[in-house]
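Asker: below are the sequence and a predicted model for it; my questions follow.
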Amino acid sequence: MNINASFNKRGITIIELLVGLVICAIVIAAIYRVFTVQSNAYVVQDQVVEVQQNIRSAMEIMVRDIRMAGFDYDNSTSPLRIEDFKPLPPYDVRGNSITIWYENYQAGPPLISQIHAVTYTLPLNNTNLERQLSVNGVVQPVEVILENVIALELTCGIDGRIGYEDTQDGVVDNWINCGAVNNSRDKVIAVRISLTTRPEQVNPQDDRFRTVSPRALTSIVALRNLSIKRF
């Protein structure tokens, strides 16, 4: 038995080829768009995480130091005392700068007593938060603990007047900008620190980082060595 098969030998027309190419181009463009969006989102999120980690690390360092203000200042048996380097009170606040003094002990034997003075400041026309340590009056190199800082705000909690114990009860009476504190009159027992920073923008033409809003962090530090003692 003979079977006659009919074969369609017609190929792909140019129109069909063009339609196929257009569809492929649309699919590839969509895939590329999704990839670009996801890549940008990853970069931005990575910057956000980095900024938050940096500001938290800087705040932890500041809180640790400022909390130590006046530590062991009334220990009459120490070979060195804060008063040897700074008249009381053991702090000095000036606008966007704060310096605190405390006694530090280096493990021995023998046990070594040192007077530490730590200054935090955000210099004018500068975006780097600086920390400078002095040990027994010897100034150490400046450290940059946070870059790209937009603002550093220091607010002081006041508890009465220095030398007037009847005005002091260990509770903050009012908060004022540290720049308005009279260091010889106002007794500071707490400091509120507000830091605002932004991600580093290596390429100003890169718009991705403009979508990252500045990050702010606020902490209140009780000067625990001063709030229950009189001077």
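Answerer: Nice, thanks for sending it over.
Asker: low pLDDT regions in this protein?
Answerer: Low-confidence segments of the chain (pLDDT under 70): 1-11, 42-44, 108, 200-212, 227-231.
Asker: what ranges do the helices span in it?
Answerer: Here the chain has its helices, by DSSP state H, at 14-67.
Asker: check contacts around the residue nearest in space to the middle of it.
Answerer: Closest residue to the average C-alpha location of the chain: residue 55 at 2.5 Å, with CA atoms, centre = their mean. Residues in contact with residue 55, defined by CB atoms under 8 Å, 6 or more residues apart in numbering, are 146, 195, 197, 215, 217. Using the backbone N, CA and C atoms, a C-beta is placed for each residue, glycine as well.
Asker: now the buried members of those residues.
Answerer: 146, 195, 197, 215 (16 or more other CB atoms under 10 Å).
Asker: narrow those to those in strands?
Answerer: Assignment to strands by DSSP state E places the following of the buried ones among the contacts of residue 55 there: 146, 195, 197, 215.
Asker: residue 129 is in contact with the second one, correct?
Answerer: Yes: in this structure, residue 195 is within contact of residue 129 by CB atoms under 8 Å, at 7.4 Å.
Asker: identify the contacts common to those two.
Answerer: 58, 146, 149, 152.
Asker: for those, which one is nearest residue 120?
Answerer: For the shared contacts of residue 195 and residue 129, the closest approach to residue 120 (CB to CB) belongs to residue 152, at 7.9 Å.
Asker: count of neighbours near the closest residue to that closest one other than its chain neighbours?
Answerer: The shortest distance from residue 152 to any non-neighbouring residue, by CB to CB, 6 or more residues apart in numbering, is to residue 122 (4.1 Å). By the measure other CB atoms under 10 Å, the count of residues near residue 122 is 20.
Asker: any idea how far residue 132 is from the residue nearest to the centre of the chain?
Answerer: 20 Å (CB to CB, to the nearest Å).
Asker: repeat that for residue 45.
Answerer: Taken as CB to CB, the span from residue 45 to residue 132 is 34 Å.
Asker: and what of residue 173?
Answerer: 31 Å.
Asker: residue 193 now?
Answerer: Computed as CB to CB, the residue 193 to residue 132 distance reads 17 Å.
Asker: please apply the same query to residue 169.
Answerer: Distance of residue 169 to residue 132, given as CB to CB: 34 Å.
Asker: what about the two, which has more around it?
Answerer: Between residue 169 and residue 132, counted using other CB under 10 Å, the more crowded position is residue 132 (15 against 12).
Asker: hmm, that one is touching residue 139, no?
Answerer: Yes: the criterion here is CB under 8 Å, and residue 132 meets it with residue 139 at 6.7 Å.
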